[in-house]
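Visitor: need a structure here:
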Amino acid sequence: MLEVNKIIKEKLWISSVSAIVLCFVAIPLLLVVLNPVSDEIIEGVYVKSGNRIFVNFLNRIKSENGILVLGTSETGNELNGNNYFDLLNRDAEINRPVYALGGAGRLANVYFPLIIDNPDAFKDLNVLYYINPTYWRFWLNNFNEDYFNRYIDSSVVYRIKDRAIQLGVYKEFMYHANFQKGTLKIKANSLVDDFRSFYYYDLLNLIENIEKHEKAFPKEQCLVPFLQQPNKSQEYSPIYDSLAVIALKGKINPIYNCLDNFLESKTPFPMIDTTSNYQDNLLKVFISLTKEYDINCVFYLGPYNRIYGSQKNPEVLVEYERVVDRIKLLLDQNKVPYIDGTELSDLSGTFMDVQHISEYGAYLTALQIKGYYVQNK
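Guide: As a prediction, the model looks like this:
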C-alpha cells in the first residue's frame, strides 16, 4: 500500500512539473498567435538591443502604413506633447500613425547595426529622417563613442561586424563599439532575452489590452496654416486656432529667436567644423543603406537658427550656408525624396536656443511635412 501511494505521489509530481513546463512553453506560442501589441512607442532599451520586440515594432508600423521618424535632440524634446511628430500623429488628413525615435546625438549610424541585423524588418519601412545642420559644427562633426554606446548595444554590432566591414561602414561609424562578451555568450543572452520578452512585454500587453476594452477614436483634428480654416467638407477642427499660433510664437524673443532665459547664458552661435567630412560621409552612407535595404526614406532638411547667429556672430553663417548647399546637392545627386525646411531658418519664433526648434517651429515643421505626405498619398 505504501509502495502504491509512493508511485501515485511520484506520478502526480511528474505530471505537475510537466504541466508547469508545458504552460511555460505554451504561453509564448500562444502569444505568437495572438500577437498583442501596444500603441505606445517602445522603450529605448528594446531598440538598443535590437531584440524581437523592436522587430515586432517595425513590423507593426508597416502593417499600419505608419511612419517612423528618426531624429536627434530636436526630435527628442517633448515640447509639451506638441513636437512636430506629435502634431502629425494627431492630423486627420494624414491619418497615419507616426512614431518617433529621437535623442541627443542619435544620428543615422546608431541604426546601421539594426538595419544590417534585421533587413526584413526594415524592408519597405516608411522612414522620415530629420537632418539637423547644427551637427556639422565643432564637437559634433565626428564619431562620438558615448552617443553610439548609449543607443546601440555592442552585442548587435558584434553580430553584424563582418557584414558591416563588407559594406564599408564599420571602421568609420561603429569601430569603437566596446565588445565585452564572447560569441557564445552573446547568442545565449539573445535567445534567453527573446524568450523572457514574451513574459515581460507580450503578456503584459495582452493583459493591458484586455483591461482597456477601448476602441481607437477617429482623428478629428488637422493642422492648418495660420489664419486658414480647415476644409469644411471634412469638418475637422484645427489643432491650433489662430490665437493659439500667435501665443506659441509670442513665447520666443523676436530679436534673437530664442527663449529669454536662454539669452541669459550668453551662448555664441556654434561654428561649423570645416576640418571634418564626417557628417557628409555619414549621410552618404545612410542614403546608400536605405537603397541597399529597400527602406522608404524621406529626408527632412531642418533649419538652423540664422536669426540668432546674425545677432551673435554673423561671420560664422557663411559656413552654414555651405553646409546646407552641400546637403541639398547630396540629396539631389542621389535622387532621394526630401523636404526643404531651411526656410524656417529666417522666421522669428522658430527656435528655443541655438539648435532646438520651439513649439511654434514644430508647428511649422509639421505643416511642411504634412504638405509632402498629403501631396504624395
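Visitor: what's the burial count for D162?
Guide: Using other Cβ atoms under 10 Å, D162 is surrounded by 11 other residues. In this view, the C-beta of every residue, glycine as well, is placed from N, C-alpha and C.
Visitor: what are the boundaries of the strands in the protein?
Guide: Secondary structure of the chain by DSSP state E: the strands cover 67-70, 98-101, 126-131, 221-222, 237-238, 296-301, 338-340.
Visitor: right, and those strands - which one's nearest M271?
Guide: strand 126-131 (18.8 Å; Cβ to Cβ).
Visitor: take the strands of the chain and write them to a markdown table, including distance to D353.
Guide: Output for the strands of the chain, formatted as a markdown table (distance: least, Cβ to Cβ, whole Å):
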| stretch | distance to D353 |
| --- | --- |
| strand 67-70 | 21 |
| strand 98-101 | 20 |
| strand 126-131 | 17 |
| strand 221-222 | 29 |
| strand 237-238 | 28 |
| strand 296-301 | 20 |
| strand 338-340 | 23 |
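Visitor: mean pLDDT added to the ones you listed, as CSV?
Guide: Converted to CSV, the strands of the chain look like this (pLDDT from 0 to 100):
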stretch, mean pLDDT
strand 67-70, 98
strand 98-101, 96
strand 126-131, 99
strand 221-222, 80
strand 237-238, 82
strand 296-301, 99
strand 338-340, 99
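Visitor: list the contacts of L79.
Guide: By Cβ atoms under 8 Å, 6 or more residues apart in numbering, L79 lies in contact with 86, 358-359, 362.
Visitor: dump the strands of the chain to TSV, plus mean neighbour count and distance to S265.
Guide: Listed next are the strands of the chain as TSV, based on neighbours: other Cβ atoms under 10 Å; distance: least, Cβ to Cβ, whole Å:
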stretch	mean neighbour count	distance to S265
strand 67-70	22	29
strand 98-101	21	27
strand 126-131	22	25
strand 221-222	18	36
strand 237-238	14	35
strand 296-301	20	27
strand 338-340	18	30
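Visitor: low-scoring stretches of the stretch 1-150 of the chain, by residue?
Guide: 1-41, 43-44 (pLDDT under 70).
Visitor: and the end-to-end length of stretch 295-311?
Guide: Distance between the two ends of stretch 295-311: 41 Å, counting by Cα to Cα, to the nearest Å.
Visitor: need the contact partners of stretch 88-104.
Guide: 41, 44, 47, 61, 64-77, 83, 85, 130, 147, 150-151, 218-223, 234, 236, 239, 366, 369-370, 373-374.
Visitor: give me the beta-bridge partners of the residue lying closest to L128 once chain neighbours are set aside?
Guide: Nearest in space to L128, with sequence neighbours left out and distances taken as Cβ to Cβ, 6 or more residues apart in numbering, is V69 at 4.7 Å. Beta-bridge pairing for V69 (DSSP bridges): A100, L128.
Visitor: okay, now the domains of the chain?
Guide: 1-34, 36-375 (automatic domain parsing).
Visitor: in this structure L317 contacts R306, no?
Guide: Yes: the criterion here is Cβ atoms under 8 Å, and L317 meets it with R306 at 6.3 Å.
Visitor: who has more neighbours, those two?
Guide: The neighbour count for L317 versus R306, taken as other Cβ under 10 Å, is higher for R306 (22 against 16).
Visitor: pLDDT wise, what is the more buried one at?
Guide: R306 is assigned 98 on the pLDDT scale.
Visitor: ok, it - contacts?
Guide: So R306 contacts 317, 320, 345-346 (Cβ under 8 Å, 6+ apart).
Visitor: what about those residues, which are in helices?
Guide: If you go by DSSP state H, the contacts of R306 have 317, 320 in helices.
Visitor: so how do I select the buried members of the contacts of R306 in ChimeraX?
Guide: Selection of buried members from the contacts of R306 for ChimeraX, criterion 16 or more other Cβ atoms under 10 Å:
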select :317,320,345
